[in-house]
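Chemist: Just the structure for this:
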Amino acid sequence: MHASEMAEDFPVIGVEDDAWDAVTQLAERRLPGLVVIDTDGRPLSILPSSQVVRILVPTYVQDDPSLAGVLSESMADRVADKLRGKKVRALIPDDGDVPELAVVNDDDTIVEVAAVMARLSCPLAAVLRRGELLGVITASRLLQLALTSR
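Modeler: Purely as a prediction, here's the structure:
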């Protein structure tokens with residue numbers, strides 16, 4: 001089976017789109033992440049849900065989780081304040097903390113796709129044909145196909 005046959009329609013978000021819209025999609029659809037595309041529609045990065053969760057918690061609490069009990073404001077207020085007026089670009093750290101997006105070719109096999117996703121520890125793989133995004137393969141879709149091919 002080739003990547004083009006495994007790929008599914010999956011929501012993507014533009015790097016210049018509203019950050020609140022991206023987070024809303026992640027939350028409402030319970031997605032592991034979103035493929036972030038550049039202004040030309042090419043896959044640029046991944047915005048994992050785990051990265052957005054880090055935005056909710058102040059750095060000092062991430063460093064010392066025992067301080068979490070001192071926070072009294074609601075998470076919803078905190079998210080709204082941090083995202084208001086921001087673009088998706090602002091959610092992607094420059095320090096390399098976000099996993100690299102797995103990108104595969106449309107004729108790659110299930111093993112080739114799995115190898116790229118495993119190497120990058122990435123829950124999503126963007127499938128390209130001649131530079132154009134065909135769809136996305138999620139880790140759960142890959143596992144489903146691997147288990148049913150037995």
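Chemist: count of neighbours near Thr109?
Modeler: Per other CB atoms under 10 Å, the neighbour tally for Thr109 reads 13. (Glycine included, C-beta is placed from N, CA and C.)
Chemist: contacting residues for it?
Modeler: 1-3 (CB atoms under 8 Å, 6 or more residues apart in numbering).
Chemist: Quickly list what it is bridged to.
Modeler: Taking DSSP bridges as the rule, Thr109 bridges to His2.
Chemist: Scan the contacts of Thr109 and report the most crowded one.
Modeler: Most neighbours among those, by other CB under 10 Å: Ala3, with 25 neighbours.
Chemist: Now do that residue against Leu44, distance only.
Modeler: Per CB to CB, to the nearest Å, Ala3 is found 19 Å from Leu44.
Chemist: still on that earlier bit, among the contacts of Thr109, find the lowest-pLDDT one for me.
Modeler: The lowest pLDDT within these belongs to Met1, with 89.
Chemist: wait, doesn't it sit right on Val111?
Modeler: No. The pair Met1 / Val111 is not scored as a contact, 9.9 Å apart, by CB atoms under 8 Å.
Chemist: Gly135 contacts Glu5, doesn't it?
Modeler: No. Counting by CB under 8 Å, Gly135 stays clear of Glu5, with 10.0 Å between them.
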